[in-house]
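**Student:** sequence first, predicted coordinates after that:
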Amino acid sequence: MTSNPILDELHETRRKLLAEAGGTIKGLADALRKRQRDSGRRILEIRRTSRCTGAAKSGELPMENFSSPPGDR
């Protein structure tokens, strides 16, 4: 173990949660999502724009999809 008790506790908690979730990252993610849903807290939805999903790209060549230089805007 490290000489940092806070890190030691974090690592131990991670090991415990992972073991409870079946030992897989997918199981852990599913368990944490369920725990979050069951908490009753409001969950904000991330709104993705067409710019961040790639839907705004229309050029056939990668060069055509680059942003214009600041002087051309």
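**Tutor:** Arrived safely. Remember, predicted model here, so these are calculated numbers, not experimental data. Residues are numbered from 1 along each chain as shown.

**Student:** and for A29, the neighbour number?
**Tutor:** By the other CB atoms under 10 Å criterion, the neighbourhood of A29 contains 11 residues. C-beta here means a position set from N, CA and C on the backbone, and glycine is covered the same way.

**Student:** packing partners for the host helix or strand of it?
**Tutor:** If you go by DSSP states H and E, A29 is part of helix 25-38. On a contact count with 3 or more CB pairs under 8 Å, 6 or more residues apart in numbering; DSSP states H and E, helix 25-38 meets helix 5-20.

**Student:** now the angle between helix 25-38 and the helix it packs on, please.
**Tutor:** Inter-element angle recorded for helix 5-20 and helix 25-38: 100 degrees (by axes from the mean of the first three to the mean of the last three CA atoms, to 10 degrees).

**Student:** which residues of the chain score low on pLDDT?
**Tutor:** Across the chain, the stretches falling below the confidence threshold (pLDDT under 70) are 1-2, 49-65, 71-73.

**Student:** if you set the cut-off to 90 instead, what comes out?
**Tutor:** Scanning the chain with the threshold set as pLDDT under 90 gives 1-3, 42-73.

**Student:** distance of E20 from L10?
**Tutor:** Spatial separation of E20 from L10 under the definition CB to CB, to the nearest Å is 16 Å.

**Student:** again with D38
**Tutor:** Going from D38 to L10 by CB to CB gives 23 Å.

**Student:** now K26
**Tutor:** When CB to CB is the yardstick, K26 and L10 sit 21 Å from each other.

**Student:** same check, this time on S68
**Tutor:** 46 Å.

**Student:** and those two? Which one has more around it.
**Tutor:** For the pair S68 and L10, the greater number of neighbours falls to L10 (11 against 7), based on other CB under 10 Å.

**Student:** spit out the contact partners of the more buried one.
**Tutor:** The neighbourhood of L10, defined by CB atoms under 8 Å, 6 or more residues apart in numbering, contains no residues.

**Student:** ok, now how distant is it from L17?
**Tutor:** Between L10 and L17 the distance, using CB to CB, works out to 11 Å.
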